[in-house]
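Enquirer: Need coordinates for the following:
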Amino acid sequence: MKPARFLLLVIALAHLVIPVVMFARSSTLRAEVAAQHPDFTPSELDASVRVALTSASVFHLLLAVLCVVLAWKLQRRWASRLTVVSQALSIVFSVVSWSTSGMFHAVIPVVIALQLAVIALVLRSRRT
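Expert: You can find the predicted model right below:
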């Protein structure tokens with residue numbers, strides 16, 4: 001379980017970094033939203049970017065906390081089950097993120113690979 005714990009902590013760190021990058025590259029995010037919604041007024045565009053930044057920050061903070069708690073409690077049956085489910089759902093969310101923004105195209109496949117590795121490690125450890 002130690003490798004799975006380590007990978008969960010790496011994934012948690014990625015979840016913490018993502019909002020920071022989004023805030024740092026908010027002009028890129030604004031350009032992407034403007035390209036997807038050319039009919040938005042400047043105030044609607046600003047509001048959309050604020051919503052995206054706020055929701056992403058809250059979402060990724062919650063996922064980071066969840067990954068840390070799961071890494072800490074991974075030996076428990078409920079935690080291993082929740083780990084598999086949460087990482088599978090995170091993969092789905094990553095695919096959605098991929099389709100809505102190009103900002104993290106370099107990172108998403110790496111994080112998905114880590115999530116798949118966690119799932120495989122947890123499932124393998126449950127069989128033994």
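Enquirer: Please name the nearest non-neighbouring residue to the residue positioned nearest the centre of the chain.
Expert: The chain has His15 as the residue nearest its centroid, 5.2 Å off, counting by CA atoms, centre = their mean. The shortest distance from His15 to any non-neighbouring residue, by CB to CB, 6 or more residues apart in numbering, is to Ala64 (3.8 Å). In this view, the C-beta of every residue, glycine as well, is placed from N, C-alpha and C.
Enquirer: can you pull the contacts of that neighbour?
Expert: Ala12, Leu13, His15, Leu16 (CB atoms under 8 Å, 6 or more residues apart in numbering).
Enquirer: gap between it and Leu70?
Expert: For Ala64, the distance to Leu70 equals 11 Å [CB to CB, to the nearest Å].
Enquirer: again, but for Ala24
Expert: Counting by CB to CB, the gap from Ala24 to Leu70 is 28 Å.
Enquirer: who's more crowded, these two?
Expert: Leu70 (26 against 10; other CB atoms under 10 Å).
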